[in-house]
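Visitor: The sequence and its predicted three-dimensional model are supplied below.
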Amino acid sequence: MIPEHCNNIEEVRVEIDAIDHEIVRLIGRRAGFVKAAARFKKSETAVKDERRVEAVIESKRKLAAACEVSPELVEAVYRTMIGYFVNEELEHWKTLTTK
Ligand SMILES: C=C(O[C@@H]1C=C(C(=O)O)C=C[C@H]1O)C(=O)O
């Protein structure tokens with residue numbers, strides 16, 4: 001279904017809900033890999049890895065522009081998501097290093 005083929009608000013919302021389902025599922029999948037990264041890091045600085053965070057943001061800004069989506073929106077979403085994930089990764093890393 002493409003947006004132009006929707007005949008009413010219900011059809012629009014069915015499509016939006018289906019997309020949201022995928023987005024949330026993928027966020028959960030991404031979270032699992034961020035947690036796995038903790039196993040390969042030797043310090044708190046490495047867990048935070050600010051250079052990698054900036055590289056991810058820059059590449060997603062470029063991807064957004066190529067997809068005709070606002071780079072500002074995508075950056076804001078990624079900064080919120082990565083900030084949350086890094087905190088979770090840090091908590092997980094601490095449990096690994098105290099074992
Ligand atoms: C997953 C990693 O750990 C953190 C999380 C990142 C992310 O969510 O993309 C990026 C950098 C790290 O601060 C990583 O280093 O790749």
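Guide: Cool, the structure landed.
Visitor: which residues sit against stretch 52-72?
Guide: 73, 74, 75, 78, 79, 82, 86 (C-beta atoms under 8 Å, 6 or more residues apart in numbering). Bear in mind the C-beta positions are built from the backbone N, C-alpha and C, glycine included.
Visitor: Which of the residues you listed are buried? Put it as a PyMOL command.
Guide: Remark: buried members of those, expressed as a PyMOL selection using 16 or more other C-beta atoms under 10 Å:
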select buried, resi 74+78+82+86
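Visitor: Tell me the helix or strand right after the longest helix anywhere in the chain.
Guide: Ordering each helix of the chain by length in residues (DSSP state H) puts helix 9-37 first. For helix 9-37, the succeeding helix or strand toward the C-terminus, using DSSP states H and E, is helix 44-48.
Visitor: can you tell me if that following helix touches the ligand.
Guide: Yes - on the criterion C-beta under 6 Å from any ligand atom, helix 44-48 is in touch with the ligand at residue 48.
Visitor: Name the residues of that helix that are buried.
Guide: Buried residues in helix 44-48 (16+ other C-beta under 10 Å): 47, 48.
Visitor: Go through stretch 14-27 and flag the buried ones.
Guide: In stretch 14-27, counting by 16+ other C-beta under 10 Å, buried: nothing.
Visitor: thought residue 38 was touching residue 91?
Guide: No - look at residue 38 against residue 91 with C-beta atoms under 8 Å: they stay out of range, at 9.0 Å.
Visitor: Looking at these two, which is more packed in?
Guide: residue 38 (19 against 12; other C-beta atoms under 10 Å).
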